[in-house]
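Student: Attaching a predicted model along with its sequence, questions to come.
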Amino acid sequence: MHSLKQIRITLVEKRSEDAWFDLNTRQLRKGEVKFYRAKDPATGEWLFKTCIDKQLEKILVKALKCPRGFQFAQLEGNSMLFQKSKIPNMFYDIISLTETDGEGRIKRKTVSTLEEIPAHIRENYQVKTYEEAVGKTAPGKHFVTLCRSEDEKSMIALFIIERAWPITPISAEDKLKTLQEKEEKPPTSFKKEIDIGQVWKCPICNIEHRIIHIETEKTIKHALRKKKINENPS
């Protein structure tokens, strides 16, 4: 999961019991609610809310705050629903990707072939057909991703890469690759040495040393360098 490791997701608040409105059932539901902050170098900073409905065996992931921008603003308030799979301890989400029209308005497209699923989803998540995950077929539902029931961070990351990455001005993969190369490149260190032109002579052995002033990014120090026999002080 090399590309997803750069998405930093942190739990900021946990409520053992709270309420939310379920758009599918048109009811208020109760359960455990958590708030997460996510920092994605490809898109920006996010705030998410997860709602765990143990009775209906569903987990709702909702974007409360999105990065700035006309297109990202349209994702604010959007949610992704994970439901219990027939595969033990796994929850599934139907794969649908965000796309834009000619005026920058966003919409979602459900994928119908494996080739339409981005490589970073196929490489980082289990992808199954709807029938494999649920045990039945349904019109317009083709492929799903699977997450462990307790792995809400993977669910949040999936929201970002399904909903936000497809509409980034620069390809998310290209941007993450550039950031990864920058991290792997060893940092250049600053160091400056100045011979101040003074000589110190050891009172015991009479060996002379030149005094060197050394500056680095964090410190200033001094060192003694043994004076060469044929070297004259400047």
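Tutor: Noted; the coordinates are in hand.
Student: Where do the strands of the chain begin and end?
Tutor: Under the criterion DSSP state E, strands of the chain are mapped to 8-22, 27-40, 44-53, 58-65, 79-84, 90-94, 96-100, 106-110, 126-129, 143-148, 191-201, 208-216, 220-226.
Student: could the ones you listed go into JSON lines alongside mean neighbour count?
Tutor: (Each C-beta comes from the backbone N, C-alpha and C, glycine too.) Putting the strands of the chain into JSON lines (neighbours: other CB atoms under 10 Å) gives the following:
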{"stretch": "strand 8-22", "mean neighbour count": "12"}
{"stretch": "strand 27-40", "mean neighbour count": "17"}
{"stretch": "strand 44-53", "mean neighbour count": "20"}
{"stretch": "strand 58-65", "mean neighbour count": "19"}
{"stretch": "strand 79-84", "mean neighbour count": "19"}
{"stretch": "strand 90-94", "mean neighbour count": "22"}
{"stretch": "strand 96-100", "mean neighbour count": "16"}
{"stretch": "strand 106-110", "mean neighbour count": "14"}
{"stretch": "strand 126-129", "mean neighbour count": "16"}
{"stretch": "strand 143-148", "mean neighbour count": "21"}
{"stretch": "strand 191-201", "mean neighbour count": "11"}
{"stretch": "strand 208-216", "mean neighbour count": "15"}
{"stretch": "strand 220-226", "mean neighbour count": "11"}
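Student: Among those strands, which comes closest to Pro166?
Tutor: strand 96-100 (4.9 Å; CB to CB).
Student: and the nearest residue to Asp101 once chain neighbours are set aside, how far is that from Glu99?
Tutor: Closest residue to Asp101 apart from its sequence neighbours, by CB to CB, 6 or more residues apart in numbering: Lys107 at 6.9 Å. Lys107 sits 6 Å away from Glu99, taking CB to CB, to the nearest Å as the criterion.
Student: got it, and Pro203?
Tutor: 80 Å.
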